[in-house]
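Student: mind looking at a prediction? Sequence and model below.
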Amino acid sequence: MNWIKWALINPHLITGAGAYVNNVNKRLFFISRVLDKGKEKGDKKKKFDKAQPIDLLEAKQILNVDKYTSQLDYALEDMKNNFIKHLTLRSAAGSIDHVQVTFEGEEYLLQDLTQIAHKPKMVVLNVTTFPQAIPNILEALSKSGLNLNPQQDGTTLFIPIPKVTKEHREGLSKNAKALFIKCRDNIKDIRNKEIKNLKKVSSVNEDQIRRVQSQLEALCDKYIKQAESMLDTKQKELLKTD
């Protein structure tokens, strides 16, 4: 039997096969549209997530924007330096030498004012050369962030080396949050002062003030986000267990 005769005898099979093919094609088309929509959403999300540049051209024509950004940079750098200075998990024994001491209006390293002897679980400071600096040294050690508890015997200071405990890590993490809040508030104060200066300029109209204020606030928000990112990184570092 040739193919034509078979088709005449079994037309329902041909119809079924065609329907099956049509259904497959419909399903493939539907899947293709879903994938295309997903890709479009992904592309839109990427475009949305992409940080838009802040246009400060108009602000520069009215205010000293370089001074404004310089102040914001300093606030961020100050927080970074405080993180390094006060929030360390390094061994206290290896960090004590570099503790900074304010003495007679000058900044000194602890090793410049004392003779330091390192023992297995103790650091001994001989302060016979500058005994008058002992109160300053004790204050510097207490603010070092190293969780130190020095004991004084005349002109000698005995410093037990503490273990890095979970509580100490959590305490440092809280200190990091406090330093961030201080930085954030400082950045906002700088912004508010600049906006106040902006409103004193007599040669600009209300529309210009609104636009420039928006630019100043956008830059402020950018710096706060950078500070938040630095805080997040530091807290993860402090709370990470070995």
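Tutor: Structure received. Numbers count the residues shown, from 1 in each chain.
Student: helices of the chain, start to end?
Tutor: Assigned by DSSP state H, the chain shows helices spanning 3-9, 11-49, 57-60, 65-86, 92-95, 110-113, 134-142, 166-199, 206-239.
Student: tell me the pLDDT at the closest residue in space to His168 that isn't next to it in sequence?
Tutor: The shortest distance from His168 to any non-neighbouring residue, by Cβ to Cβ, 6 or more residues apart in numbering, is to Asn147 (5.2 Å). From N, CA and C alone the C-beta is placed, and that goes for glycine too. Listed pLDDT for Asn147 reads 76.
Student: same question for Lys196.
Tutor: What the model reports as pLDDT for Lys196 is 93.
Student: likewise Ile159?
Tutor: As predicted, Ile159 sits at a pLDDT of 93.
Student: go on, Glu167?
Tutor: Note on Glu167: pLDDT of 82.
Student: ok, now Val212?
Tutor: Looking at Val212, its pLDDT reads 90.
Student: identify the residues contacting the nearest residue to it once chain neighbours are set aside.
Tutor: Once flanking residues are discounted, Val212 sits nearest to Ala59: 4.7 Å by Cβ to Cβ, 6+ apart. Taking Cβ atoms under 8 Å, 6 or more residues apart in numbering, we find Ala59 in contact with 65, 212, 215-216.
Student: hang on, the earlier thing: the helices of the chain: lowest mean pLDDT?
Tutor: helix 11-49 (a mean of 47).
Student: do I have it right that Asn82 meets Leu179?
Tutor: Yes. Counting by Cβ atoms under 8 Å, Asn82 touches Leu179, with 5.0 Å between them.
Student: looking at the two, which one has more neighbours?
Tutor: When Asn82 and Leu179 are compared for neighbours, Leu179 comes out ahead with 23 against 18, by other Cβ atoms under 10 Å.
Student: give me every residue that touches that one.
Tutor: Counted by Cβ under 8 Å, 6+ apart, Leu179 has contacts 79, 82-83, 86-87.
Student: now, which of these sits nearest Lys199?
Tutor: Here the nearest of the contacts of Leu179 to Lys199, counting by Cβ to Cβ, is Met79; it sits at 28.4 Å.
Student: please look at that closest one and Lys182 and confirm they touch.
Tutor: Yes. Counting by Cβ under 8 Å, Lys182 is a contact partner of Met79 at 7.4 Å.
Student: between the two, which is the more surrounded one?
Tutor: It is Met79, of Met79 and Lys182, that has more neighbours when counted by other Cβ under 10 Å, with 24 against 15.
Student: find the nearest non-adjacent residue to that one, please.
Tutor: In space, and not counting its chain neighbours, Met79 is closest to Cys183: 3.9 Å by Cβ to Cβ, 6+ apart.
Student: got it, and Arg211?
Tutor: Nearest non-adjacent residue to Arg211, counting by Cβ to Cβ, 6+ apart: Glu58, 6.0 Å away.
Student: count of residues packed around that neighbour?
Tutor: Counted with other Cβ under 10 Å, the neighbours of Glu58 add up to 15.
Student: now it: how far from Leu216?
Tutor: Distance of Glu58 to Leu216, computed by Cβ to Cβ, to the nearest Å: 11 Å.
Student: and for Asn64?
Tutor: 12 Å.
Student: can you check Ile116 too?
Tutor: Note on Ile116: its distance to Leu216, by Cβ to Cβ, is 49 Å.
Student: of the two, who's got more company?
Tutor: Legend: neighbour count by other Cβ under 10 Å for Ile116 and Leu216, higher for Leu216 (22 against 16).
Student: residues contacting that one?
Tutor: Leu216 makes contact with 59, 63, 68, 191, 194-195, 198, according to Cβ under 8 Å, 6+ apart.
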